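Novice: any chance you could fold what I've pasted below:
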Amino acid sequence: MTGPGDITLAAYQEAAGEYLRNSARPAPEQIAYLDRFAGLVGSGLVLEIGSGPGWDADHLESCGLRVVRTDAVPAFVERLRAAGHDARLLDVRTGELGGPYQAVLANAVLPHLDRDQFKDALQRARCAVVAGGALGFTVKEGDGAGWSDHKLGLPRHFTYWREPALRAVLHRTGWRVDYLDHVAVRDNCWLRVLARRDGDAGGEPDLRVLAGQPLGAPYPRSMPRAQDHATCARQAERR
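Specialist: The predicted model follows:
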């Protein structure tokens with residue numbers, strides 16, 4: 001049976017060109033988020049889930065990271081390869097993530113997963129990174145789930161999250177939140193998250209880390225305070 005995720009992927013495949021025409025390169029606030037992610041990672045290999053146009057990967061590589069580009073949409077993978085990148089097809093719901101990586105990035109991808117799939121993806125991402133490895137991702141803020149044909153003119157399914165539930169599932173799947181921000185983008189509110197793999201201290205050592213590169217320093221305590229939901233909602237209304 002075709003589920004919401006399959007319908008969503010089919011929409012991206014059919015309208016890949018339309019998606020790219022209606023998408024903008026990363027805005028300054030997204031660049032700042034990627035810079036924070038790069039600072040958390042330090043150096044090494046990053047798995048990007050859902051590379052799409054590849055713009056986030058381009059910026060991360062300009063920061064000195066090495067990025068494995070992947071996408072579940074063949075049209076996006078073909079475009080990345082045509083641009084000279086070594087991209088591979090990967091459906092985060094079922095595919096092997098590989099590793100070990102210093103970090104995993106999934107920008108605007110995980111909203112298309114239901115809550116069980118989301119939890120499973122977090123667990124498998126934890127297994128794919130070295131001890132103390134990093135995770136960066138974004139989800140849409142809100143309640144429940146629903147369909148939208150905005151941007152593509154074809155149906156895409158989204159699952160929405162609130163901060164308390166998101167923090168709870170991250171904790172249950174072994175991630176420690178380093179940074180969580182509420183951001184207004186056009187008429188939507190997003191949650192941007194940076195986390196580290198938690199629970200390694202005091203447990204069995206992960207020998208994979210011995211072959212990895214430095215993990216980088218944690219964020220300074222002087223990092224600007226994240227916006228709360230009310231501020232984000234007001235910004236979205238003004239836009």
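
Novice: got the phi and psi for the spatially most central residue of the chain?
Specialist: The residue lying closest to the centre of the chain (CA atoms, centre = their mean) is Ala106, at 1.9 Å. For Ala106, the backbone dihedrals (degrees, to the nearest 10) come out as phi -140, psi 90.

Novice: with Leu122 as the reference, measure out to it.
Specialist: According to CB to CB, to the nearest Å, Ala106 stands 10 Å off from Leu122. Any C-beta I mention is one placed from the backbone N, CA and C, and that applies to glycine too.

Novice: what is in contact with these two at once?
Specialist: Leu135 (CB atoms under 8 Å, 6 or more residues apart in numbering).

Novice: now do the contacts for the residue nearest to the centre of the chain.
Specialist: 48-50, 92, 121, 125, 135-138 are the contacts of Ala106 under CB under 8 Å, 6+ apart.

Novice: bridging residues for it?
Specialist: Judged by DSSP bridges, the bridge partners of Ala106 are Phe137.

Novice: and it, what pLDDT?
Specialist: Per-residue confidence at Ala106 stands at 98 (pLDDT).

Novice: now do the strands in the protein.
Specialist: 45-48, 66-71, 88-89, 101-106, 129-140, 145-148, 156-159, 175-185, 188-197 (DSSP state E).

Novice: give me the helices and strands touching the fifth one, please.
Specialist: When contacts are defined as 3 or more CB pairs under 8 Å, 6 or more residues apart in numbering; DSSP states H and E, strand 129-140 sits against helix 28-41, strand 101-106, helix 115-128, strand 156-159, strand 188-197.

Novice: next, the buried residues of stretch 52-66.
Specialist: When burial is assessed from 16 or more other CB atoms under 10 Å, stretch 52-66 yields the following buried residues: 52-61, 65.

Novice: any idea how far apart the tips of it sit?
Specialist: With CA to CA, to the nearest Å as the measure, the ends of stretch 52-66 fall 17 Å from one another.

Novice: contacting residues around it?
Specialist: Stretch 52-66 has contacts (CB under 8 Å, 6+ apart) with 19-20, 23, 25-26, 30-31, 34-35, 37-38, 41, 43-46, 48, 51, 67, 69, 71, 73, 76, 79-80, 83, 85, 87, 102, 105, 107-108.

Novice: so where's this protein uncertain?
Specialist: 1, 201-239 (pLDDT under 70).

Novice: switch the cut-off to 80
Specialist: 1, 186-187, 200-239 (pLDDT under 80).

Novice: how much space separates Ala184 from Arg196?
Specialist: Counting by CB to CB - Ala184 and Arg196 are separated by 26 Å.
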